[in-house]
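**Student:** From the sequence below, what's the structure:
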Amino acid sequence: MKNLYYLPLLLLLGIFSLASCSDNDDPVQEPTTTLYKADLVLSGWLDPTKVATELPHIEETFLKYLGTNTLKSFSISEGSEGVNDAAVLRQCQLAAAVLENEEFEGGKYVFRVIKKESNDAIFVFESTPSNGFWEQIVYDDEQPRLPANHYISDVAVSVSSSASAAQVELSNRGYLVITSDLNDGVGGNYVFLGVKGTTEVDNAISSFYILVGTCIVGDFTKDGVTYSMVPSYGDDYGSLNSGTGGKDMWLYFTKEGKAVVENIKVVNSYNRMEGDDLIKGLKSDMSNWDNYRGVDINTGAGGDYRYLRVCLADKTK
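**Tutor:** Residues are numbered from 1 along each chain as shown. Model prediction:
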């Protein structure tokens, strides 16, 4: 089942004037350049082998019709802003027409085009298999999470210049993809997190640590606790800031301690928070927001302040 959503655009009638009414002495108006970006995310999967072909196919189709080699940032300069929006919408519609009659059985995919200046979405394409499997996935703040009574046992980082490749790498390895590119809005490579779950409390991750500027491949000890680097696939040993020009940083985890991690989210803030390298665990309650302290993973890269938010279960080890 495919769903398409279009943000209403300005009617093109009236934008163009008749040539017979023009004045040859009128100055020629230079076309406006409008910047866009596109998001392509795997919201969850049923069959990783099919995801490995379906997700790249969606990415390649939209790249072809939009005439760009990256979804991170592209521009249109065909006329006014309204004309540019209409041109992008038309190309997206043509791409969607190719995709909308195809069967997607591997996962749920969402593609959207956003105007970079206003952050308004002007086109959304969704593909969802109609097999009811999505009842197994719980959505929290529009991000997928593990089913009830599951805790996070494993986390991995995938880095690639391709949105589909970074996510396919995780789904092929059995990870549920957290549907946020950590470098969204700041360029660089695509960086996605993946998680695996367990029903065994003693096998759950207890806390995370981020090292900034220094990569330790292996384990290190901090305050008597041993942290291990999360598995990474792709470039820069899985730097959370890969390719942005900002500070490189790497994610580590430990299963030592009594705490039990239930969920991990990617959150943005327009306001600077007091941060240090340590990610503190929290209940999933936004009223606790002011008590959160963590490193801004966009440090030096610009854009919003972006944090990993760790949510703890009521249970302890």
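
**Student:** For the protein, give me the ranges with low pLDDT.
**Tutor:** Applying pLDDT under 70 to the chain picks out residues 1-28, 130-142, 270-294.

**Student:** what's the single longest strand in it?
**Tutor:** Of all the elements of type strand in the chain, the one with the most residues (DSSP state E) is strand 32-45.

**Student:** What pairs with that strand, parallel or antiparallel?
**Tutor:** Using DSSP bridges, the strands paired with strand 32-45 in its sheet are strand 74-79 (antiparallel), strand 107-115 (antiparallel).

**Student:** Chain neighbours aside, what residue packs nearest to Ile58?
**Tutor:** Leaving aside its sequence neighbours, Ile58 sits nearest to Tyr109 (Cβ to Cβ, 6 or more residues apart in numbering; 5.7 Å). Using the backbone N, CA and C atoms, a C-beta is placed for each residue, glycine as well.

**Student:** wait, what's in contact with Phe220?
**Tutor:** For Phe220, the contacting residues are Leu211, Thr226, Tyr227, Tyr252, by Cβ atoms under 8 Å, 6 or more residues apart in numbering.

**Student:** who does the helix or strand it falls within pair up with?
**Tutor:** Element membership of Phe220, judged by DSSP states H and E, is strand 219-222. Strands adjacent to strand 219-222 in the sheet, as given by DSSP bridges, are strand 225-229 (antiparallel).

**Student:** Output the partner strand in CSV with nothing but the alpha carbons.
**Tutor:** Extracted as CSV, the C-alpha positions of strand 225-229 are listed here (Å, rounded to 0.1, in the frame of the first residue of the first chain):
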residue,chain,number,x,y,z
VAL,A,225,33.3,0.8,34.6
THR,A,226,34.5,-0.8,31.4
TYR,A,227,33.0,0.6,28.1
SER,A,228,33.3,-1.1,24.7
MET,A,229,33.0,0.6,21.3
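
**Student:** neighbouring contacts of it?
**Tutor:** Outside of strand 225-229, the residues within contact range by Cβ under 8 Å, 6+ apart are 207, 209, 216-221, 237-238, 250-254, 256-257.

**Student:** again, 6 Å this time
**Tutor:** Outside strand 225-229, the residues within contact range by Cβ atoms under 6 Å, 6 or more residues apart in numbering are Tyr209, Asp219, Phe220, Tyr252, Thr254, Glu256.

**Student:** Pull out the buried positions in that strand.
**Tutor:** By neighbour count on 16 or more other Cβ atoms under 10 Å, the buried set for strand 225-229 is Tyr227, Met229.

**Student:** go on, stretch 296-305?
**Tutor:** Within stretch 296-305, the residues that qualify as buried by neighbour count (16+ other Cβ under 10 Å) are Asp296, Ile297, Asn298, Thr299, Ala301, Tyr305.

**Student:** Among those residues, which one sits closest to Val195?
**Tutor:** Taking Cβ to Cβ as the measure, Val195 lies nearest Ile297 of these, at 16.5 Å.

**Student:** hang on, the closest one is in a helix, isn't it?
**Tutor:** No: inclusion of Ile297 in a helix is not indicated when DSSP: H, G, I helix; E, B strand; the rest coil is applied; the result is coil.

**Student:** residues near the nearest residue to it once chain neighbours are set aside, how many?
**Tutor:** In space, not counting the residues next to it along the chain, Ile297 is nearest to Leu240; the distance is 4.7 Å by Cβ to Cβ, 6+ apart. Burial of Leu240 is recorded as 28 neighbouring residues (other Cβ atoms under 10 Å).

**Student:** Next: Asn101.
**Tutor:** For Asn101, using other Cβ under 10 Å, the count is 7.

**Student:** Out of the strands paired with strand 32-45, which one sits most buried?
**Tutor:** With neighbours defined by mean count of other Cβ atoms under 10 Å, none of the strands paired with strand 32-45 is more surrounded on average than strand 107-115, at a mean of 21.

**Student:** Tell me which helix or strand comes right after that one.
**Tutor:** Next along the chain after strand 107-115, taking DSSP H and E as the criterion, comes strand 121-127.

**Student:** So which of the contacts of Phe220 is the closest to Phe192?
**Tutor:** Distance ranking of the contacts of Phe220 against Phe192, using Cβ to Cβ, places Tyr252 first at 17.7 Å.
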